[in-house]
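Asker: give the three-dimensional model of this entry:
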Amino acid sequence: MKEIELKLQGEINRLTNKTFKFDKRVKEGWFSAVYFLKTREIVKKYKPQSKITMQFFQKNHGVLCGTDEAIALLHTFADNPEQLEIHSLKDGDEIHPFETVLTISGRYQDFGYLEGMIDGILARRTSVATNVYRVMKAAALSGTQKPVIFMGDRDDHFTQQSGDGYAAFIGGSTAQATNAMNEWWGKQGMGTMPHALIQLFNGDIVEATQAYKETFPNDELIALADYNNDVITDSLKVARVFGDELKGVRIDTSRTMIDKYFLRNQHLLGTFDPRGVNAELVHALRNELDSEGFQHVKIVVTGGFNEERITQFESNDVPVDVYGVGSSLLKINMGFTGDNVILDGKHQAKAGRKLRWNPRLEKVDFE
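Answerer: Here you go, the predicted structure:
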């Protein structure tokens, strides 16, 4: 049983290193800024018994993520972790500018070298969770929450997939492209066909879809319709062949291309940008599918979608059923800062910083 299941059942409070599987070189300081390592050695020599409180905050509104991971890091690699006093908010909490999300009290030499790593964990996980949350919110503007597929596998290094997938889960996306993205929270990746599959069938979308159906008969059948840059023609082709078995079509038209539908109907041009996946193309596709009795076929759109584009589509009632989003969800825009603010029970911090106690913080037990 995965730890996330135990957590959701209330049997454990936090995910641990059983989930995160940290690189053992953390203990050697391999991932820590060298000045933290030097400070640790100086403190051991001159201030071995001094105790400090370190607090972490950031400057935006967002959805917090990474606290379980940061605490697991401390419990795994700090010296004397059972002697640390940790208070923290939880993954999934909404946070505000300058709100303290985590405090750690103890001897500096026991945990101080992990400061930068904790900043980085909180920054990346919170950024992804917040980005996904905002996109999910945009995809619900119609009054119905439309699914958002997290497709960030091609937009960053593959080693980030498990953590990014967990952060996306915290942000609200439970449909994700790879098995690795689902590793920490317990499901499997989902997806249908890439352009490569259609290419291998010489651009024949019907043959490619038939091969997919025969190979993966238990999957929902969703055909990729833009390979030939003629999404309405190809969508109708597969709908006529597969009927009720076809559950959806996906459009991924490049932002540098104009679909052939508009080349055949140039009288429609002149009042909108016809490139890529645009509202007029989706409306036309929906109308053509419906006119032939294929109301059950869902429309999935991918390719350059972000919070702004989804908001535009939803505000204008564009008949999209599912959004696929990638690179915009991985932008790191929530930087965290760790400050030492208490020394041996008294205020001591750089100018402009002080302990900002947050009554929402919960004490973390050493497990």
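Asker: do a quick rundown of the strands in the stretch 51-200 of the chain.
Answerer: Listed in chain order, the strands found in the stretch 51-200 of the chain under DSSP state E, counting those that start in this stretch are 51-57, 62-63, 85-88, 94-95, 102-107, 148-150, 175-176.
Asker: for residue 318, find the nearest of these.
Answerer: Ranking the strands of the stretch 51-200 of the chain by proximity to residue 318 (Cβ to Cβ) places strand 148-150 first, at 14.9 Å. Where you see a C-beta, it was placed from the backbone N, CA and C, and this is true even at glycine.
Asker: on contacts alone, who are the packing partners of the closest one?
Answerer: Strand 148-150 is packed against helix 115-138, helix 161-171, strand 175-176, strand 322-325, with contacts defined by 3 or more Cβ pairs under 8 Å, 6 or more residues apart in numbering; DSSP states H and E.
Asker: how about a markdown table for the ones you listed, with mean neighbour count, distance to residue 229 and mean pLDDT added?
Answerer: A markdown table is the format used below for these (neighbours: other Cβ atoms under 10 Å; distance: least, Cβ to Cβ, whole Å; pLDDT from 0 to 100):
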| stretch | mean neighbour count | distance to residue 229 | mean pLDDT |
| --- | --- | --- | --- |
| helix 115-138 | 23 | 27 | 98 |
| helix 161-171 | 26 | 30 | 95 |
| strand 175-176 | 23 | 26 | 91 |
| strand 322-325 | 23 | 18 | 95 |
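Asker: export those to a markdown table and tack on distance to residue 26?
Answerer: Formatted as a markdown table, the entries for these read as follows, by distance: least, Cβ to Cβ, whole Å:
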| stretch | distance to residue 26 |
| --- | --- |
| helix 115-138 | 7 |
| helix 161-171 | 15 |
| strand 175-176 | 26 |
| strand 322-325 | 32 |
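Asker: that older thread, looking at the strands of the stretch 51-200 of the chain, which is buried most?
Answerer: Mean neighbour count, computed with mean count of other Cβ atoms under 10 Å, is highest for strand 148-150 among the strands of the stretch 51-200 of the chain, reaching a mean of 26.
Asker: what does that strand contact?
Answerer: Residues external to strand 148-150 that are found in contact with it (Cβ atoms under 8 Å, 6 or more residues apart in numbering): 132, 135-136, 139, 164-165, 168, 172-173, 175-177, 181, 190-191, 300, 302, 322-326, 329.
Asker: partner strands of that strand, with direction?
Answerer: Strands adjacent to strand 148-150 in the sheet, as given by DSSP bridges, are strand 175-176 (parallel), strand 322-325 (parallel).
Asker: helices of the stretch 151-300 of the chain, start to end?
Answerer: Under the criterion DSSP state H, counting those that start in this stretch, the stretch 151-300 of the chain carries helices at the ranges 161-171, 195-200, 205-215, 231-242, 260-264, 279-291.
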